[in-house]
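1. starting from these lines, generate the structure:
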Amino acid sequence: MLQSSKPTCRIVRPGQTYDGKQGFSYFEGISAEAVGSTGICMHLLTIPPGGRAKAHKHETHETAIYMLSGEAHTWFGERLEEHVIVRAGEMFYIPAGVPHLPANLSDKPASAVIARTDPNEQESVVLLPELEALVPV
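-> Reported below is the predicted structural model:
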């Protein structure tokens, strides 16, 4: 008997992780690969103490972040000239194409739910190594 290709509801229990181009390990969640989503991706991320991503941008998709615990420093802008600290209970929006670099400068893990408008989360990630030295941490 053929399996139906009709979309259906799914429960995802994050357990496995995958390494993103940005330098962090993400818990598998909602994505085209995991559940067949066509317009959204959502994952859990825990940044270890002292953890820092590579400078990057998501060329064609927006990102929404909800900090569950801890705090994340994020430098953003064409030359990473802007800086914000996102704390537990706060949300942070990153438009498509905006260079950014998040880091956890504390001695405790920082956890967040990350949602993106591309179901294939890594597809439009562009690393920006030329910006790495602009953030002194």
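2. show me what contacts the nearest residue to T46 once chain neighbours are set aside?
-> Leaving aside its chain neighbours, T46 sits nearest to S111 (4.6 Å; criterion: CB to CB, 6 or more residues apart in numbering). Where you see a C-beta, it was placed from the backbone N, CA and C, and this is true even at glycine. Neighbouring residues of S111 by CB atoms under 8 Å, 6 or more residues apart in numbering: 44-47, 67-70.
3. include secondary structure, neighbour count and pLDDT when you put those residues into CSV, please.
-> Shown next, in CSV, are the contacts of S111 (DSSP: H, G, I helix; E, B strand; the rest coil; neighbours: other CB atoms under 10 Å; pLDDT from 0 to 100):
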residue, secondary structure, neighbour count, pLDDT
L44, strand, 15, 90
L45, strand, 23, 90
T46, strand, 18, 91
I47, strand, 23, 93
M67, strand, 19, 98
L68, strand, 14, 97
S69, strand, 13, 97
G70, coil, 18, 98
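4. and the furthest pair within these?
-> L44 and G70 (13.0 Å; CB to CB).
5. tell me where the protein has helices.
-> Remark: helices assigned in the chain by DSSP state H are 32-35.
6. any weak-confidence spans in it?
-> Scanning the chain for pLDDT under 70 picks out 1-5, 18, 23, 25, 121-122.
7. tell me where it has strands.
-> Taking DSSP state E as the criterion, the chain carries its strands at 17-19, 25-30, 41-47, 56-58, 63-69, 71-76, 82-87, 91-94, 100-103, 110-116, 125-127.
8. let me have the ones you listed in TSV, extended by distance to V137.
-> Listed next are the strands of the chain as TSV, based on distance: least, CB to CB, whole Å:
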stretch	distance to V137
strand 17-19	21
strand 25-30	19
strand 41-47	12
strand 56-58	16
strand 63-69	18
strand 71-76	7
strand 82-87	11
strand 91-94	18
strand 100-103	5
strand 110-116	14
strand 125-127	18
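9. closest one to I11 among those?
-> Nearest of the strands of the chain (CB to CB): strand 25-30, 10.4 Å.
10. tell me how far the closest one lies from the chain's centre.
-> Centroid displacement of strand 25-30 relative to its chain, using CA atoms, centre = their mean, to the nearest Å, is 9 Å.
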